[in-house]
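Peer 1: Generate a structure from the sequence data that follows.
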Amino acid sequence: MLKKSITAIAAATVLTIGVMATMPASAQQRNTQPAHTIMNPNDVWVGKDFAGRDPDPNVRLEIRRTYGQSE
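Peer 2: Got it, this is the predicted structure:
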């Protein structure tokens, strides 16, 4: 009985290793990024770029207007 169990475990291990070896590298890697990002309502984003943060809506508007402009 013990010999059959050991043989079954060994066969399962060999099959698992064989399947993982045929998987692409991207499928084997874990996704380390969070599923979602909590955004602050005071954040100012211009496209995909973070421009700044301020609780005053007028300042946020000014940040949005002047972001990316050089003086």
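Peer 1: measure Ala12 to Ile6 for me?
Peer 2: Going from Ala12 to Ile6 by CB to CB, to the nearest Å gives 11 Å. C-betas here are computed from N, CA, C, even on glycine.
Peer 1: actually Ala51, not the one I typed
Peer 2: As judged by CB to CB, Ala51 and Ile6 stand 62 Å apart.
Peer 1: Between those two, point out the one with more neighbours.
Peer 2: More neighbours surround Ala51 than the other of Ala51 and Ile6, with 16 against 10 (other CB atoms under 10 Å).
Peer 1: Could you check the pLDDT of that one?
Peer 2: Ala51 carries a pLDDT score of 91 in this model.
Peer 1: That one looks like it's in a strand, true?
Peer 2: Yes. Under DSSP: H, G, I helix; E, B strand; the rest coil, Ala51 falls within a strand.
Peer 1: list the contacts for it?
Peer 2: Neighbour list for Ala51: Val44, Trp45, Ile63, Arg64, Tyr67 [criterion: CB atoms under 8 Å, 6 or more residues apart in numbering].
Peer 1: Check Thr13 too.
Peer 2: So Thr13 contacts nothing (CB under 8 Å, 6+ apart).
Peer 1: pLDDT averaged over whatever helix or strand it lives in - what is it?
Peer 2: Thr13 belongs to helix 2-22 when assigned by DSSP states H and E. What helix 2-22 shows for mean pLDDT is 71.
Peer 1: can you offset everything so residue one is 659?
Peer 2: Sounds good: first residue 659 from here, last item helix 660-680.
Peer 1: Filter the contacts of Ala709 down to the ones in helices?
Peer 2: Of the contacts of Ala709, the ones assigned to helices by DSSP state H are Ile721, Arg722.
Peer 1: Now, of the contacts of Ala709, which are buried?
Peer 2: Among the contacts of Ala709, those buried by neighbour count (16 or more other CB atoms under 10 Å) are Val702, Ile721.
Peer 1: now, among the contacts of Ala709, which is nearest to Leu660?
Peer 2: Closest approach to Leu660 among these (CB to CB): Trp703, at 62.3 Å.
Peer 1: now the closest one: how far from Ala666?
Peer 2: Between Trp703 and Ala666 the computed distance is 55 Å (CB to CB).
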